[in-house]
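Visitor: structure of the sequence below:
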Amino acid sequence: MRILLTGSTGQVGWELQRSLMTLGEVICAGREATSVSLQMDLSVPETIRAVIREVKPNLIINPAAYTAVDKAEAEPELAMAVNGVAPGIIAEEAKLLDAPVIHYSTDYVFNGTQATAYTEQDIPDPQNVYGKTKLAGEKAIQAVGVPYLILRTSWVYGLRGKNFLLTMLKLSREREELKVVDDQIGAPTWSRMIAEATTHIISGTRELVRDYSGVYHLTATNQTSWHGFAKTIFELDPNSGQQKLKQLLAIPSTEYPTPAKRPAYSSLDTSKISSTFKLALPSWRESLALVLDSRC
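Guide: This is a model prediction of the structure:
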């Protein structure tokens, strides 16, 4: 199988590049050309079409995205180009090649007013530019009529790039007091878990994508707040002796205003993807323990 992977230097893309190697030839593409990846700028449609037509993949996996949630409020056109328009172009080119598409979306397509985990049947109602552009990308793919898997995930973190885990570890070594929001609830999800679950789903054949085309929720199980996530990071930190932190305070979102409104509750129900693809998804705490152990 010949797989075209976008965003190969991102958190999920970097993990996918490694987990997909057992399934076939992986051709990577990113915003900048490197010795190991082709240039594909998702804000420039011509580069998308050119790369796909050159590579002629059997499967396209698209974890690339504009992920700066707050910055998107000031750059809605760029966010829409990358998150909303580009996925549709990828889908159009994939259809010409009879190649399925796997695309990643977000819990931020929901408004956060529910008290129970969102299922794939719940109606999206994004509250910020990032969520609106990601939903537009979902609809663009669906409109093309190509076989697809849209995998919605949440609160992605890992040992690369910029994310909550690395920020908290850094700040715990610099400050004696930290304040973290306690009224936003979701599921922290390890980028490697997303990659490994995706690889399991593909299982060396494209037919699963064709047979089970649709939207799925892919996150770690159980839920917590950002404060609960931070508290557990500090508790499980194998190098906790390096921490200067003495006090972790829980605060409401009103005390930490951001340009983009976040959903208060964005836990996703993962029963559909678990039952369809026989996936045993770990809890967010189990994954976090593995990440921190591997960091030693």
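Visitor: from now on I want contacts and neighbour counts done on CA atoms only, so please keep to that.
Guide: Will do.
Visitor: what distance separates the lengthiest helix in the chain from the centre of its chain?
Guide: Ordering each helix of the chain by length in residues (DSSP state H) puts helix 129-144 first. Centroid displacement of helix 129-144 relative to its chain, using CA atoms, centre = their mean, to the nearest Å, is 14 Å.
Visitor: after that helix, which helix or strand is next? Please name it.
Guide: strand 148-153 (DSSP states H and E).
Visitor: mind listing the strands that next one pairs with, and their directions?
Guide: Strand 148-153 has these partner strands in its sheet, going by DSSP bridges: strand 101-106 (parallel), strand 214-217 (parallel).
Visitor: let me see the mean pLDDT of that strand.
Guide: Here strand 148-153 scores 97 as its mean pLDDT.
Visitor: now the element after that strand, going C-ward?
Guide: strand 156-157.
Visitor: just checking, what packs against whatever helix or strand comes next after that next one?
Guide: Per DSSP H and E, strand 156-157 leads on to helix 164-172 as the next helix or strand towards the C-terminus. Applying 3 or more CA pairs under 8 Å, 6 or more residues apart in numbering; DSSP states H and E, one finds that helix 164-172 makes contact with helix 226-236.
Visitor: quick one: mean pLDDT over the helix it packs on.
Guide: Averaging pLDDT residue by residue across helix 226-236 gives 98.
Visitor: now that helix: buried residues?
Guide: 226-227, 229-231, 233-234, 236 (16 or more other CA atoms under 10 Å).
Visitor: worst-scoring helix or strand of this structure, pLDDT-wise?
Guide: When each helix and strand of the chain is scored by mean pLDDT, DSSP states H and E, helix 207-211 comes last, with a mean of 72.
Visitor: how much space is there between residue 226 and residue 2?
Guide: 39 Å (CA to CA, to the nearest Å).
Visitor: for stretch 251-269, which outside residues touch it?
Guide: 69-71, 73, 107-108, 110-120, 127-129, 153, 179-187, 217-219, 223 (CA atoms under 8 Å, 6 or more residues apart in numbering).
Visitor: can you tell me which of those are in helices?
Guide: Reading helices off the contacts of stretch 251-269 with DSSP H, I get residue 129.
Visitor: nothing else from me, thank you.
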